[in-house]
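> Structure for this input, please:
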Amino acid sequence: MRTVSPEALVTTLSALPVPEPRVVTSGNAATHLPALELLRTCWPQWRLFLLNAPAGIPHGEGIVLETPFVGPGQRDQPGLDYLPTRLSLVPGLFRGSRPPDVVLLHTSMPHEGTVSLGTEVNVLPAAIEAARDRGGLVVAVLNPAMPYVFGDGVIPTEDVDLAVELPCDLPSPRPRPDDDVSAAIGERVAALVPNGATVQLGIGAVPDAALRAMQGHRGLRVFSEMFSDGVLGLHERGALAPDEPVVASFVAGSPELLAWVARNPRVRLLRTEKTNDPGVIARQPRMTSVNAAMQVDIYAQANASRRPGGAIFSGFGGSTDYIVGALHSVGGQAVIALPSWHPKADVSTVVELVDGPVTSFQHSAFVTDQGTALLHGRSQEDQAAAIISSAAHPDARPSLLEAARARGLRVSL
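Okay, the predicted model is just below:
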């Protein structure tokens with residue numbers, strides 16, 4: 001690893017003999033925006049690949065944004081190239097149709113011949129391997145604020161070609177105020193989770209509320225694509241199994257959470273091929289996955305990725321991997337949790353048929369602020385009846401019941 005100035009890095013990258021280089025970089029809460037700004041002047045045309053990009057990433061003429069999971073910085077951009085792909089399969093893209101020319105890593109400072117990918121491991125180890133196999137450049141952006149986190153993100157400095165030191169603050173999501181709807185959903189989700197279960201939840205008001213409601217549980221394990229401050233709350237309240245590691249692929253949260261994960265031997269951030277392999281997920285005891293959706297319908301299908309009309313909003317992410325894995329775990333279950341009513345659009349989130357393509361189906365339960373619809377092992381009529389009577393908002397139930405009967409479902413409430 002050779003440390004260079006920002007100006008020298010730009011000079012080196014600008015000289016790459018590639019007409020349209022592809023840059024793979026850290027996403028989610030680990031994107032180093034000042035480093036990406038350096039790349040604006042390197043090439044007239046280039047491709048930028050990252051997951052769940054924050055606002056502020058480069059975009060505009062000459063830049064193609066590539067991603068299997070759309071974030072705020074990519075959403076509705078004319079230069080977006082969305083790749084419909086389960087997260088567990090994304091590493092394979094780097095060996096096939098999307099090989100990287102440059103991998104731009106946001107890392108900790110060096111320690112004993114290594115750097116840590118810090119808060120995001122995810123698909124980056126696969127990108128590093130693919131770049132090195134084809135003679136691409138691996139660049140580490142060294143940041144004293146990035147915690148050194150153990151796991152698959154600990155990279156030998158000999159695997160890094162160039163390094164540049166660019167200090168910057170790490171983003172911290174603003175605390176979400178409690179609301180009655182999220183609290184009601186969280187309580188119902190927590191009621192489905194037994195002591196000793198393994199849990200996977202994302203980030204947002206509903207997962208946060210569910211984790212708060214689980215603080216009285218005992219013996220919980222965490223095996224998840226990501227986690228945030230809710231897991232720190234479980235740790236502080238003694239809800240986690242004391243001898244089990246906390247496993248994920250990336251983290252996002254407060255400075256207190258980042259201080260907790262730094263050099264914590266209990267926390268292991270692993271590559272996507274491990275955390276999102278449905279076979280590995282299925283081996284976790286009583287695996288309980290809790291994922292969000294924008295719509296569910298009377299056939300127990302969920303749309304978690306597209307707006308009404310079909311425009312992409314996010315993507316599959318890891319939800320499909322965890323739903324399949326959890327359903328194959330002994331004692332496992334796959335839960336979709338969402339409000340029963342969309343306050344901005346003023347419409348029901350439980351619909352006759354999802355508006356966009358289906359993201360997932362065959363879940364164990366739908367949970368809303370209205371109640372819990374248990375689905376697994378029930379007939380299609382019983383599923384529809386449970387969804388309408390227990391998950392749908394009361395204002396939507398008459399029309400949903402009429403629609404179900406019109407479709408030949410013999411539903412009675």
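> Any stretches of this structure with poor pLDDT?
Low-confidence segments of the chain, defined by pLDDT under 70, span residues 175.
> Name the residues that touch the lengthiest helix in it?
If you go by DSSP state H, the chain has its longest helix at helix 180-192. With contact meaning Cβ atoms under 8 Å, 6 or more residues apart in numbering, helix 180-192 is reached by 176, 205-206, 208-214, 217, 288, 290, 333, 335, 337-339, 365, 367-369, 371-372. All C-beta atoms are positioned from the backbone trio N, CA, C, and that covers glycine.
> I only care about those that end up buried; give me the ChimeraX line for that.
This is the ChimeraX syntax for the buried subset of those, where burial follows 16 or more other Cβ atoms under 10 Å:
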select :205,206,208,209,210,211,212,213,214,217,288,290,333,335,337,338,339,365,367,368,369,371,372
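> and after the longest helix of the chain, which helix or strand comes next?
Remark: after helix 180-192, the chain's next helix or strand is strand 198-201, criterion DSSP states H and E.
> could I get that next one in PDB with only the CA atoms?
C-alpha atoms of strand 198-201 as PDB (Å, rounded to 0.1, in the frame of the first residue of the first chain):
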ATOM      1  CA  THR A 198     -32.100 -15.400  16.000                       C
ATOM      2  CA  VAL A 199     -33.300 -12.100  14.600                       C
ATOM      3  CA  GLN A 200     -32.800 -10.000  11.500                       C
ATOM      4  CA  LEU A 201     -34.200  -6.500  11.200                       C
END
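> Please state the offset of stretch 342-350 from the chain centre?
Centroid separation for stretch 342-350 versus its chain: 24 Å, with Cα atoms, centre = their mean, to the nearest Å.
> Let's see the distance spanning it from one end to the other.
Counting by Cα to Cα, to the nearest Å, you get 10 Å between the two ends of stretch 342-350.
> about what we covered before: tell me which residues of the longest helix of the chain are tucked away?
Per 16+ other Cβ under 10 Å, helix 180-192 contains these buried residues: 181-190, 192.
> again, but for stretch 344-362
Quick answer for stretch 344-362 (16+ other Cβ under 10 Å): 348-352, 354, 356, 358-361.
> Then stretch 374-382?
Applying a neighbour-count criterion of 16+ other Cβ under 10 Å, the buried positions in stretch 374-382 are 374-375, 380.
> What is the nearest of the buried residues of helix 180-192 to residue 385?
Of all the buried residues of helix 180-192, residue 188 has the smallest distance to residue 385: 18.2 Å, by Cβ to Cβ.
> mind checking how far the closest one is from residue 373?
Distance of residue 188 to residue 373, computed by Cβ to Cβ, to the nearest Å: 10 Å.
> which neighbours do those two share?
In contact with both residue 188 and residue 373: residue 367, using Cβ under 8 Å, 6+ apart.
> How far away from the center of its chain is stretch 211-221?
Remark: stretch 211-221 is offset 21 Å from the chain centroid, using Cα atoms, centre = their mean.
> Show the end-to-end separation of it, please.
With Cα to Cα applied, stretch 211-221 spans 12 Å between its terminal residues.
> Go ahead and name everything in contact with that stretch.
Contact with stretch 211-221 is made by 183, 186-187, 189-190, 193, 195-199, 201, 230-231, 233-234, 237-241, 244, 284-285, as judged by Cβ under 8 Å, 6+ apart.
> Of the residues you listed, just the buried ones, PyMOL syntax please.
Remark: buried members of those, expressed as a PyMOL selection using 16+ other Cβ under 10 Å:
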select buried, resi 183+186+187+189+190+193+197+198+199+201+230+231+233+234+239+240+241+284+285
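> circling back: closest to residue 297 out of the buried residues of helix 180-192?
Closest to residue 297, out of all of those and judged by Cβ to Cβ, is residue 185, at 18.4 Å.
> List the contacts of residue 40.
Counting by Cβ under 8 Å, 6+ apart, residue 40 has contacts residue 58.
> Can you give me the distance of it to residue 348?
Taking Cβ to Cβ as the measure, residue 40 falls 44 Å from residue 348.
> same question, residue 267
Distance, residue 267 to residue 348, using Cβ to Cβ: 40 Å.
> which one of the buried residues of helix 180-192 is nearest residue 58?
residue 182 (34.2 Å).
> measure that closest one to residue 152 for me?
Separation of residue 182 from residue 152 (Cβ to Cβ): 33 Å.
> Residue 395 now?
Look at residue 395 and residue 152: by Cβ to Cβ, they are 48 Å apart.
> and those two? which has more neighbours close in?
It is residue 152, of residue 395 and residue 152, that has more neighbours when counted by other Cβ atoms under 10 Å, with 20 against 11.
> Near the closest residue to residue 368 other than its chain neighbours, how many other residues are there?
Nearest-residue entry for residue 368: residue 340, 4.0 Å, with adjacent residues in sequence omitted and distances by Cβ to Cβ, 6 or more residues apart in numbering. By other Cβ under 10 Å, the residues close to residue 340 number 24.
> pretty sure residue 340 is in contact with residue 392, am I right?
Yes - contact criterion Cβ atoms under 8 Å: residue 340 and residue 392 qualify, at 6.0 Å.
> Now the element after the strand or helix carrying residue 257, going C-ward?
In the assignment (DSSP H and E), residue 257 maps to helix 255-261. Helices and strands here follow DSSP H and E; after helix 255-261, the next one along the chain is strand 267-269.
> any residues touching that next one, and which ones?
With Cβ under 8 Å, 6+ apart as the test, strand 267-269 has contacts from 117, 119-121, 149-153, 245-251, 260-261.
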